[in-house]
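In: Fold the following.
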Amino acid sequence: MAPNLNVKGKESGAARILGSGASGVAELIVFHPVDTIAKRLMSNKSKVSFSTLSTIIFREHASAPLAKRFFSLFPGLGYAAGYKITQRIYKYGGQPWFSDIIGKNYQSNFTNTFGERKGKMMVQALAGSLTGIGEVVLLPLDVLKIKRQVNPEAFRGRGVLKIVMEEKFALYRGWGWTMARNAPGSFALFGASAVTKEYLFGVQDYSKATWTQNFVASIAGAVASITVAAPLDTIKTRIQNANFESKVSGATIVKDLIKNEGPAALFKGLTPKILVVGPKLVFSYTLAQSLIPMFGKYV
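Out: Prediction:
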C-alpha cells in the first residue's frame, strides 16, 4: 500500500503540492525567456556565430526595438504555464511519493545491497527516475509549448482544442525519447542531490537541509541531470518542434544529425543550458526543497 501523504506534518501531500507548485510559478515568471532561447538554439541547424546569434534567438524581431525583442521571448506562455506548473508539482511533489513507496516496501533490499547510506541515496535516485518516466503523460503540453516557442507556424491559426482533436496521439510524438531522456536525467538530478547532502554536508534527514545545503545540492543535481540528458533532449526537441504532419523518426534524426553536423551536435546547446537553464532548475528545485517542509508545518 502507498503511504498516507495527507497527514498534517512534515511533507504532507498538500505541502508537496503547494511547495512544488509555488516553485513552478516562480520559475515560469523568471525563466520562460531563458527556456525559449535554449530551445531555439537546440533547434537551429545552421552554424552559430556572433553575427547570426541575434537572428537565431529573436528571429523576425532581431532588428526590432529592445522591448519588442524581449517580449518576443514569451511565445506560448499559456502552454508553458500549464506545463511548467503541472510538471513541477508532479516532479518535485511526486518524487518523494515514489520514494515513500519504495522505502516502505523495499528499503531493506536496498540497504542489504548497497549499505544504509548508499541504499538511502539509491532510493532517492530510483524514485526520481520513476518520476521522470511517468512525466511522459504531460508530453502534449510540452509539445505545444515547444512548438509555440520555435515553430509557431505549425498552429496555422488553430486553437488548442482543435489541435488536440485533430492531432490526437501525434501530440505524444517522441514519447519514447522523452522517457529515455527523463529516466537517467531525473535519476541524476535526485541522486546527485542526495549524494551532495549526504557526503558533503552529512545531512541524514534531507527534509531538514538548510537553504544553503539545498542550493548546493541542487547545483550538483542540475549539472548532472542536464549533462546526462543532453543528447536525448536534443533529439526530443527536434522531434517535437517539427510540423504536426511530420513523420520523421528519432532514429532518422540521429542519423541525419551525426551525418550533417557531427556527433558533437548531440550536445548542441549544452553550455547555454548549463549556464542559463541550469540556474532555472537550481532555482525551482532549491525553492521546492525549502518550501515543502515549510508548508508541512501548517498543512
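
In: Where does the residue of the chain positioned farthest from its centre fall, secondary structure wise?
Out: In the chain, the residue that sits farthest from the middle, by Cα atoms, centre = their mean, is Asn112; the gap is 32.1 Å. Using DSSP states H and E, the element containing Asn112 is helix 77-114.

In: Spell out the residue ranges of the helices in the stretch 51-200 of the chain.
Out: Assigned by DSSP state H, counting those that start in this stretch, the helices in the stretch 51-200 of the chain fall at 66-71, 77-114, 116-134, 139-150, 160-167, 175-195.

In: Which residue ranges make up each domain of the protein?
Out: Taking the TED database as the reference, the chain has its domains at 11-74+273-298, 76-149, 173-267.

In: Nearest to Glu167, out of those?
Out: Among the domains of the chain, the nearest to Glu167 by Cβ to Cβ is domain 173-267 (5.3 Å). Backbone N, C-alpha and C define where each C-beta goes, glycine included.

In: re the thing from before, would you format the domains of the chain as CSV with mean pLDDT and distance to Lys162 included?
Out: Formatted as CSV, the domains of the chain follow (pLDDT from 0 to 100; distance: least, Cβ to Cβ, whole Å):
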stretch, mean pLDDT, distance to Lys162
domain 11-74+273-298, 88, 23
domain 76-149, 89, 12
domain 173-267, 88, 12
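
In: Now do the buried residues in the helix holding Asn112.
Out: 77, 79-103, 110-111 (16 or more other Cβ atoms under 10 Å).

In: go on, stretch 139-147?
Out: Result for stretch 139-147 [16+ other Cβ under 10 Å]: buried residues 139-147.

In: How much space separates Gly176 from Met122?
Out: Distance check for Gly176 against Met122: by Cβ to Cβ, to the nearest Å, it reads 25 Å.

In: Looking only at neighbour counts, state which of the two leads.
Out: Ranked by neighbour count (other Cβ atoms under 10 Å), Gly176 and Met122 place Met122 first, with 19 against 15.

In: can you pull the contacts of that one?
Out: 110, 114, 191 (Cβ atoms under 8 Å, 6 or more residues apart in numbering).

In: related to what we said a few turns ago, so which of the buried residues of stretch 139-147 comes closest to Lys197?
Out: Asp142 (29.0 Å).

In: returning to that earlier point: now the domains of the chain in a markdown table, with distance to Ile163?
Out: Below are the domains of the chain laid out as a markdown table (distance: least, Cβ to Cβ, whole Å):
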| stretch | distance to Ile163 |
| --- | --- |
| domain 11-74+273-298 | 19 |
| domain 76-149 | 7 |
| domain 173-267 | 8 |
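
In: Quick check: which of these is nearest to Arg158?
Out: domain 173-267 (9.4 Å).

In: Could you report the neighbour count for Met179?
Out: For Met179, using other Cβ under 10 Å, the count is 17.

In: which two in the buried residues of stretch 139-147 are spaced the farthest apart?
Out: Leu139 and Lys147 (12.3 Å).

In: Could you tell me the end-to-end distance of stretch 188-201?
Out: Separation of the first and last residues of stretch 188-201 by Cα to Cα, to the nearest Å is 18 Å.

In: Show me what that stretch is in contact with.
Out: Counting by Cβ under 8 Å, 6+ apart, 95, 117, 120-122, 124-125, 127-128, 131, 203, 206, 209, 213, 216-218, 220-225, 227-229, 281, 285 sit against stretch 188-201.

In: Give me the buried positions along that stretch.
Out: So, applying 16+ other Cβ under 10 Å, buried residues of stretch 188-201: 188-198.
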